[in-house]
Structure formats: structure tokens, C-alpha cells
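[1] sharing a sequence plus its predicted fold:
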Amino acid sequence: MKRLIIFDLDGTLLNTIADLAGATNHALTLLGYPARPLDEFPTMVGNGINKLFERCLPQGEKSLDNVLRVRERFLAYYDTHNTERTLPYPGIPELLDRLQADGRQIAVASNKYQSATRKLIGLYFPRTTFVTVLGQRDGVPAKPNPTIVYDVLALTGVPKHQALFVGDSDIDMNAAINAGVDACGVTWGFRPRIELEATRPAYIVDRAEEIFEL
């Protein structure tokens, strides 16, 4: 039995892509760079915002200085516009309610920066008591490095074999596999099923309720 369910945030619990794209394009255009089409963003997010900005910048402009310039303007905008088009995926609030009522511990391990991760979780899932909510933090490597998963396990005291990591990308699947935790891929997020299948996770689901049924 899995006592602890660890969720990714973007593309797993919440569809945040439109607000991420809007804030990134706002920052890019302020600096004179071209905006990127919305349909490009699902393949560019997932490794933290600095990597997102690097991917969005034109060739020849992908320096650390430029990434930090975009980051400054992104944060100023996204922190006040990150709920305009963001919504939970169908069935997610109900799934969290069922897991909580069944006595399972619920946690978040995201590559979104920490303050935004905690803000969005508190706003969209007020009925759920999360044992911990971890985003990307200074000095802690991003997924697929397993450190964030280890941190959740240490904070909860749950052994690896009693934990399940749920996410929408190969980044999440590899973070779980690297940590020795069973992985569950979800097909409603930002990345295609074929990407999940390539990592050979323990499970792949198409609907939120399937996670409870596992």
C-alpha cells in the first residue's frame, strides 16, 4: 500500500501553461525579443524557469545575463498574474479529497520556484492538508535529480516502497526512478504519452480517479 503520494504541480495538478507563456512573453517583449507561440511552451517547461528562459531566447542570446534579465521581468509579472488562466485538471480536487479521506499523506515536489508553488497550492487546493509543499529552492538541484524526492521522504518518514510519485513528464518519471520510488505518469499534462512510456514508469493513467484505483 502507498502511504504517501507525491505530486508534481505544473501539468499534473494544475494547467498553468497559459499563464507561464503569458508572463514569459511579457518579459521577452519588454527586452525586445520575439514572443513565442503558446503551443511551444509545453515542451519548454519542466526544468525550472531559468531553463525555460534559455530555451525561449533566440540563438546567440542565451547567455546567463540574458536569462537573469528575463527572469527579473517574468517574476515581477507572473507573481501577480499567475492565476488568470490557471485551473486544476478535471478530477484533481476530488482525487485529493479521496486520498486525504483514505488517510494517505499528500505532498508536492515541483520545479516551479518555491513561493509560486506554495501560493498556487494554497489557493487552488484549500481543502487539502499537504504534509509538505516543495518547489525549486536555491542550492537544491532540480528534478530529475532525486534530491527533492529524498527531502519529501525525510520530512514524512515514509519509506521509498510506500511512496508514489505522480507527474506528467520524463523529468518527473526519472526523478522518481532516480530516488527509487514508484512512478505514475499522467497523460493529461504537458508531455505526450510516448515520452512517459520511454521511461518505463510503474503506471501510466489517463484519468485522475485511476490514481486512487491503483
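    Perfect, I can see it now.
[2] mind checking the longest strand of this structure?
    In the chain, taking DSSP state E as the definition, the longest strand is strand 105-113.
[3] for it, enumerate the helices and strands it packs against.
    strand 4-7, helix 92-101, helix 114-124, strand 132-136, helix 147-156 (3 or more C-beta pairs under 8 Å, 6 or more residues apart in numbering; DSSP states H and E). The way it works is simple: take the backbone N, C-alpha and C, and place the C-beta from them, glycine included.
[4] how far off centre is it?
    7 Å (C-alpha atoms, centre = their mean, to the nearest Å).
[5] repeat for stretch 180-189
    The answer for stretch 180-189 is 12 Å, by C-alpha atoms, centre = their mean.
[6] show me what counts as buried in it.
    V181, D182, A183, C184, G185, V186, W188, G189 (16 or more other C-beta atoms under 10 Å).
[7] which two in these are spaced the farthest apart?
    Among the buried residues of stretch 180-189, the pair separated by the greatest distance (C-beta to C-beta) is V181 and W188, at 21.1 Å.
[8] ok, now which ones touch K119?
    N82 (C-beta atoms under 8 Å, 6 or more residues apart in numbering).
[9] how about 7 Å then?
    Counting by C-beta atoms under 7 Å, 6 or more residues apart in numbering, K119 touches no other residue.
[10] and it, what pLDDT?
    We have a pLDDT of 97 for K119.
[11] cool, and the one 4 residues further on?
    We note a pLDDT of 97 for L123 in this prediction.
[12] just give me the neighbour total for the residue lying closest to it once chain neighbours are set aside.
    In space, and not counting its chain neighbours, L123 is closest to T83: 6.4 Å by C-beta to C-beta, 6 or more residues apart in numbering. Residues lying near T83 (other C-beta atoms under 10 Å) number 14.
[13] do I have it right that T83 meets G122?
    No: look at T83 against G122 with C-beta atoms under 7 Å: they stay out of range, at 11.3 Å.
[14] name the residues of stretch 21-33 that come out as buried.
    A21, G22, A23, T24, N25, H26, A27, L28, Y33.
[15] ignore the last one, stretch 207-214
    A208, I211, F212.
[16] got a list of contacts for it?
    With C-beta under 7 Å, 6+ apart, stretch 207-214 has contacts from Y89, P90, G91, I92, L95, R98, L99, V166, C184, Y203, V205.
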